[in-house]
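# From the sequence below, what's the structure:
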Amino acid sequence: MSARPDPTADDDLWLRCYRKTEAPAARLVCFPHAGGTAPFYRPVPYALAAADRVEVLAVQYPGRQDRRREQPIADLNVLADRIHEVLARQPELPLVLFGHSMGAVVAFEVARRCEAAGRPAARLVVSGRRGPAIGLGPTEGVHLLGDDAITDEIRRLDGSSSVVLDDPDLMAAAMPALRADYRAIETYRAGADAVVSCPITSLTGDRDPKTSVAEAEDWRAHTTGGFDLQVFPGGHFFLTEEMPRVIGLLDGHLAEAVDAPRALRRERRSGRQGVR
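Reported below is the predicted structural model:
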């Protein structure tokens, strides 16, 4: 009889940890943008003030870098299913999810799955993305266009270095994953009633051509918890220049995620003592 495949065998392919943390008190999971990779978030665990208490994991989608031989996933819900399966096997910790652009919506769908499984996230931080129920604009549908048009879109958003964009071989290698990512996000739509119970923080650049401030505010309708909107100077990739401020914001939310379970335990202990 052949041995059953180990379901955890590819977990390290999906979740990259660039700095090991002994006995973490919380977990931050970072989701890249369309065409993005896990190393985009490599600086995060080294910049966090609470790095010694937080496990930082960056998601690596199939079809790029060391996963380039795998088929990219062009359905956002399937992608969220796969990521949640991997996350569900991790030791339980207070969880903060952080996603930029397409990654914001992937993080939202993963948060919904975590909640349905009884392990809700402590906070969802969405960046550079309009609310998930807003449909495509009249000039969108990039995944249906030619390779040159996809390259032009990335250049317009300033989402990759000119060295990559001007190298035909590099762009040809990246194009299948790029097209799949654009198809995943452009064919996705959440219903207006799609919500999570955890608080949502929405981040946007004040000159983002893909997300207006009003559209970033639309995330408010998708949580039954708290909501706050933070507007930064910059375009779609304002994170590049504003990362220190974003890191400070994440530090605050991670501290809350760590402290909330402690406060709950104290409350429970106090309640037990009160009934003696």
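
# For the stretch 101-250 of the chain, which residues score under the pLDDT cut-off?
Along the stretch 101-250 of the chain, the parts satisfying pLDDT under 70 run over 135-141, 143-147, 158-166.

# Which residue ranges of it form strands?
Here the stretch 101-250 of the chain has its strands, by DSSP state E, counting those that start in this stretch, at 123-127, 200-205, 227-232.

# The nearest residue to Phe238 once chain neighbours are set aside and Arg89: what is the separation?
The shortest distance from Phe238 to any residue other than its chain neighbours is 3.5 Å, reached at Gly205 (Cβ to Cβ, 6 or more residues apart in numbering). Any C-beta I mention is one placed from the backbone N, CA and C, and that applies to glycine too. In this view, Gly205 and Arg89 are 35 Å apart by Cβ to Cβ, to the nearest Å.

# more neighbours, those two?
The residue with more neighbours, out of Gly205 and Arg89, is Gly205; 23 against 11, by other Cβ atoms under 10 Å.

# show me what contacts the more buried one?
Residues near Gly205 by Cβ atoms under 8 Å, 6 or more residues apart in numbering: 128, 211, 231-238.

# separation between it and Asp52?
31 Å.

# just Leu76 next, same as before
Counting by Cβ to Cβ, the gap from Leu76 to Asp52 is 34 Å.

# Give the residue from these two that has the larger number of neighbours.
Comparing Leu76 with Asp52 by other Cβ under 10 Å, the one with more neighbours is Leu76, at 23 against 13.

# need the helices for the stretch 51-200 of the chain, in chain order.
76-88, 102-116, 147-157, 162-165, 168-186 (DSSP state H, counting those that start in this stretch).

# Relative to Gly252, which of these is closest?
Evaluated with Cβ to Cβ, the helices of the stretch 51-200 of the chain place helix 102-116 nearest to Gly252, the distance being 17.9 Å.

# and Leu95, how many neighbours does it have?
By other Cβ under 10 Å, neighbour count at Leu95 equals 24.

# close enough to count as contact, it and Ala117?
No - under the criterion of Cβ atoms under 8 Å, Leu95 is not in contact with Ala117, lying 11.7 Å apart.

# can I get the strands of the stretch 101-250 of the chain in TSV with distance to Tyr46?
Supplementary listing: the strands of the stretch 101-250 of the chain in TSV, determined by distance: least, Cβ to Cβ, whole Å:
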stretch	distance to Tyr46
strand 123-127	19
strand 200-205	20
strand 227-232	21
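
# where's Gln230 relative to His236, distance?
Distance from Gln230 to His236, by Cβ to Cβ: 15 Å.

# mind checking the end-to-end distance for stretch 198-216?
The straight-line separation of the ends of stretch 198-216 (Cα to Cα, to the nearest Å) is 17 Å.

# so who does the residue nearest the centre of the chain touch?
Per Cα atoms, centre = their mean, the C-alpha nearest to the average position across the chain is that of Gly99, at 2.4 Å. Counting by Cβ under 8 Å, 6+ apart, Gly99 makes contact with 30-32, 105-108, 125-127, 129.
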